[in-house]
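Following is a predicted model, sequence given first.
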There are 2 protein chains.
Amino acid sequence: MAMFSALVEVRLRPGIADPQGATIERALPALGFSGVTGVRAGKSFRFVVEAADAAEAQATARALCDRLLANPVIEDSSVTVLSED
Amino acid sequence: MAMFSALVEVRLRPGIADPQGATIERALPALGFSGVTGVRAGKSFRFVVEAADAAEAQATARALCDRLLANPVIEDSSVTVLSED
């Protein structure tokens, strides 16, 4: 069994209100940033998976994400197995 | 000027206590996930930057991250300019 680093990004689906992102976007002009739009805030998770190969690590990370980390009603997620440690 | 999609990941530095990650990790065995360790929770942000080229978009996103999105005392961050829209 090898150890694989996994990265999960969870973000709100398009159309779901994002007050945190909207607040950041409103603050930007006062801080001197112009031309930045569409700010969306989400979550990221990193963890280490013990698995036989990268495909099994990907499957475990995807199942974990779908059951525990993301709410599929309002959130999209992407799972990346980064490297074998 | 072109539009570039940027992705920022903000995560706690190694050694900084992460109660959210620890809580997720404790919940995993009861959900049938074994062999998952080192869970760390962080934040992700996506936005669109108007810039002349990818290098300028990267610089703007990095400055925005350092000033507004991450606390460098306790957090690391990575900035990726994903694509020209």
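Perfect, I can see it now.

Residue A:34 and residue B:15: what is the separation?
Noted for residue A:34: a distance of 37 Å to residue B:15, by C-beta to C-beta, to the nearest Å. In short, each C-beta sits where N, CA and C put it, glycine included.

More neighbours: which of the two?
Between residue A:34 and residue B:15, counted using other C-beta atoms under 10 Å in any protein chain shown, residue A:34 has the larger neighbour count: 10 against 7.

So which bits of chain A are right by chain B?
Within reach of chain B by C-beta under 8 Å from any C-beta of the partner chain, chain A has these residues: A:1, A:7, A:9-11, A:21, A:24-25, A:27-28, A:31, A:33-51, A:60, A:63-64, A:67-69.

Apply 6 Å and report the result again.
Contact residues (C-beta under 6 Å from any C-beta of the partner chain) of chain A with chain B: A:9, A:33, A:35-42, A:44-50, A:64.

And those residues, which of them are buried?
Listed as buried from those are A:9, A:33, A:36, A:39-42, A:44-50, A:64; burial here means 16 or more other C-beta atoms under 10 Å in any protein chain shown.

In strands, which of those residues fall?
Counted as lying in strands by DSSP state E, out of these, are A:9, A:36, A:39-42, A:44-50.

Determine which two of those are furthest apart.
Farthest apart among those by C-beta to C-beta are A:36 and A:50. That separation is 40.2 Å.

residue boundaries of the helices in chain A?
Listed in chain order, the helices of chain A (DSSP state H) span A:19-27, A:54-64.

just those helices: most buried one?
helix A:54-64 (a mean of 18; mean count of other C-beta atoms under 10 Å in any protein chain shown).

For it, C-alpha coordinates in PDB please.
C-alpha atoms of helix A:54-64 as PDB (Å, rounded to 0.1, in the frame of the first residue of the first chain):
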ATOM      1  CA  ALA A  54      -3.600   6.100  -7.700                       C
ATOM      2  CA  ALA A  55      -6.900   5.000  -9.200                       C
ATOM      3  CA  GLU A  56      -8.000   3.500  -5.800                       C
ATOM      4  CA  ALA A  57      -6.900   6.600  -4.000                       C
ATOM      5  CA  GLN A  58      -8.900   8.700  -6.400                       C
ATOM      6  CA  ALA A  59     -12.000   6.500  -5.900                       C
ATOM      7  CA  THR A  60     -11.600   6.700  -2.100                       C
ATOM      8  CA  ALA A  61     -11.100  10.500  -2.200                       C
ATOM      9  CA  ARG A  62     -14.200  10.900  -4.500                       C
ATOM     10  CA  ALA A  63     -16.400   8.800  -2.200                       C
ATOM     11  CA  LEU A  64     -15.200  10.700   0.900                       C
END
